[in-house]
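>>> next one to model:
(one chain, ligands or ions: 3)
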Amino acid sequence: MKPIQVGLLGAGVVAGGVVQVLQRNRAEIQRRAGRGIEVAAVAARDVAKARATLGSEVVLTDDFDALVRRPDIDVVVEVIGGTTRARELVLAAIAAGKPVVTANKALLAVHGTEIFAAARERGVAVGFEAAVAGGIPIIKALREGLTANRINWIAGIINGTTNFILSEMRSKGLDFGTVLKEAQRLGYAETDPTFDIEGIDAAHKATIMSAIAFGTPVQFEHAYIEGITKLQAADIRYAEQLGYRIKLLGITKRREDAQGIELRVHPTLIPGTRLIANVEGAMNAVVVQGDAVGSTLYYGKGAGAEPTASAVVADLVDVTRLITADPDHRVPHLAFHPDAVAATPILPIEQVVTAFYLRLQVADKAGVLANITRILADHAISIDAVLQRESAEGESQTDLIILTHDTLEGKMNAALAQMQALPTVLAPIVRIRKEELS
Ligand SMILES: NC(=O)c1ccc[n+]([C@@H]2O[C@H](COP(=O)([O-])OP(=O)(O)OC[C@H]3O[C@@H](n4cnc5c(N)ncnc54)[C@H](O)[C@@H]3O)[C@@H](O)[C@H]2O)c1
Ligand SMILES: N[C@@H](CCO)C(=O)O
Ligand code: NA
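Residues are numbered from 1 along each chain as shown. Ligands and ions are numbered 1, 2, ... in the order given. Okay, the predicted model is just below:
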């Protein structure tokens with residue numbers, strides 16, 4: 001059979017990986033897919049630059065619009081990123097009846113509902129394994145491997161750049177800016193790295209996993225997002241003293257008691273003994289808790305040229321195998337049948353339940369702790385542990401660290417406002433959410 005002809009949009013890090021993996025593993029991939037997979041042409045804005053990075057074998061064009069419509073192209077791979085041009089090109093490819101494989105989580109988190117509807121209408125598949133946790137086959141696991149389960153929650157380290165930054169800062173004492181530059185050099189960071197450090201990229205990925213886990217449309221606009229830019233070294237240290245690590249987690253949770261779903265990204269204390277607490281560098285890891293299977297953990301490279309290409313090419317193999325299959329017999333894009341997708345709401349952050357780490361800079365005198373614990377008790381917030389830094393000779397202030405049990409965020413907000421107003425609380429209170437992940 002004639003090899004499948006791929007039109008590749010973009011000539012950056014991921015495109016380079018896709019070209020390389022398809023070339024190197026050509027024979028092995030063909031044995032798996034049942035026919036060859038060839039890159040027919042690559043669309044690049046700067047053809048000369050693309051020639052230098054992709055080598056002399058690839059055919060290059062600067063006409064993206066023509067490539068997605070070319071009759072000899074069987075499948076389009078979108079690896080340009082962004083949500084404007086990528087959306088236009090993906091919709092054009094779908095309209096031309098071509099399956100699409102994309103690594104673009106921003107595109108799917110924001111325009112997924114429109115794109116999946118268009119694909120369904122046209123009877124073509126959209127593969128997006130590379131969009132979440134790069135090379136880790138988490139989409140495959142959620143859409144196929146775990147279909148027997150009611151998923152209870154998912155929690156993941158799903159941004160390599162921020163995990164790399166937190167790891168390097170903790171273990172080598174390097175500063176934020178230096179480590180971010182290194183992550184950019186290594187090809188982990190987004191074109192706009194604020195997407196990484198402000199938690200937006202992780203929220204894009206958590207949004208996609210949430211939709212697949214709970215059978216809802218993508219609801220990125222309701223995600224709660226907090227990045228790592230305000231995290232202080234002191235809190236990383238105190239957390240360690242208490243047996244915890246701080247990770248930027250993407251979390252989505254079924255909350256039957258509140259008829260909703262939690263969808264949030266924020267720095268999180270997790271017990272140092274959990275496997276996921278020990279995931280370092282640019283590695284990703286996702287814990288999925290299903291009612292039948294219990295907790296399962298997926299670990300691997302979430303960024304970089306070849307790890308991401310591993311997922312793109314796996315989707316190409318899937319598309320190749322299923323290109324002639326009846327669209328109704330393919331795995332649904334969001335794992336649930338489109339007419340069974342329910343608009344379960346994302347809960348506002350005030351209704352989220354977590355435990356908390358609090359750090360208060362307080363005057364070191366009698367009655368201070370009692371006032372604070374009374375406020376927590378008044379809001380029915382129960383304390384798990386308290387740590388007070390030993391103050392130096394003559395020092396009039398100290399740090400008070402409090403770990404709480406689970407509580408509603410809304411209650412914590414009210415308690416924090418009262419504590420902050422105490423004259424003995426000398427600086428803005430630091431609060432970091434804490435999850436046991438058990
Ligand atoms: N780099 C990774 O590790 C990684 C991992 C998973 C997913 N992704 C996703 O893959 C996609 C590509 O990432 P990348 O790291 O290869 O990016 P990159 O910046 O290295 O490459 C992007 C390519 O697309 C081109 N491009 C950008 N905007 C364009 C536009 N408007 N029109 C035409 N061409 C345009 C650029 O010139 C470049 O050739 C993004 O959606 C990214 O989020 C990247
Ligand atoms: N910028 C992303 C790339 C992979 O999606 C990260 O750092 O994880
Ligand atoms: Na993946």
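>>> count of residues packed around the residue in the stretch 251-400 of the chain that ligand 3 sits nearest to?
Closest residue of the stretch 251-400 of the chain to ligand 3, CB to the ion: residue 311 (4.6 Å). No exception for glycine: its C-beta is placed from N, CA and C like everyone else's. Applying other CB atoms under 10 Å, we find 31 residues neighbouring residue 311.
>>> contact partners for it?
103, 129, 130, 134, 135, 136, 137 (CB atoms under 8 Å, 6 or more residues apart in numbering).
>>> filter those residues down to the ones in strands?
Among the contacts of residue 311, no member is found in strands (DSSP state E).
>>> so which of those residues are also by ligand 2?
When contact is defined as CB under 6 Å from any ligand atom, the contacts of residue 311 meet ligand 2 at residue 134.
>>> as a markdown table, the contacts of residue 311 with pLDDT and neighbour count would be great.
Listed next are the contacts of residue 311 as a markdown table, based on pLDDT from 0 to 100; neighbours: other CB atoms under 10 Å:
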| residue | pLDDT | neighbour count |
| --- | --- | --- |
| 103 | 98 | 29 |
| 129 | 98 | 25 |
| 130 | 98 | 30 |
| 134 | 96 | 29 |
| 135 | 97 | 22 |
| 136 | 98 | 25 |
| 137 | 98 | 18 |
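>>> what is the nearest of the contacts of residue 311 to residue 58?
residue 103 (18.0 Å; CB to CB).
>>> residue 395 - how many residues pack around it?
Using other CB under 10 Å, residue 395 is surrounded by 10 other residues.
>>> please report phi then psi for it.
The phi/psi pair for residue 395 (degrees, to the nearest 10) reads phi -80, psi 140.
>>> quick one: it from residue 89, how far?
According to CB to CB, to the nearest Å, residue 395 stands 61 Å off from residue 89.
>>> who does the helix or strand containing residue 262 touch, helix- and strand-wise?
Residue 262 belongs to strand 260-271 when assigned by DSSP states H and E. Judged by 3 or more CB pairs under 8 Å, 6 or more residues apart in numbering; DSSP states H and E, strand 260-271 is in contact with helix 200-214, strand 224-225, strand 244-255, strand 430-434.
>>> hmm, it in reach of ligand 2?
No. Strand 260-271 lies apart from ligand 2 when judged by CB under 6 Å from any ligand atom; the minimum separation is 12.3 Å.
>>> and that strand with helix 200-214, angle?
120 degrees (axes from the mean of the first three to the mean of the last three CA atoms, to 10 degrees).
>>> now the angle from strand 260-271 to strand 430-434?
100 degrees.
>>> re earlier: could you pick out which of the contacts of residue 311 are near ligand 3?
129, 136 (CB under 5 Å from the ion).
>>> dump the contacts of residue 311 to a markdown table, plus distance to residue 366.
Compiled in a markdown table, the contacts of residue 311 are given as follows (distance: CB to CB, whole Å):
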| residue | distance to residue 366 |
| --- | --- |
| 103 | 59 |
| 129 | 59 |
| 130 | 59 |
| 134 | 54 |
| 135 | 57 |
| 136 | 53 |
| 137 | 58 |
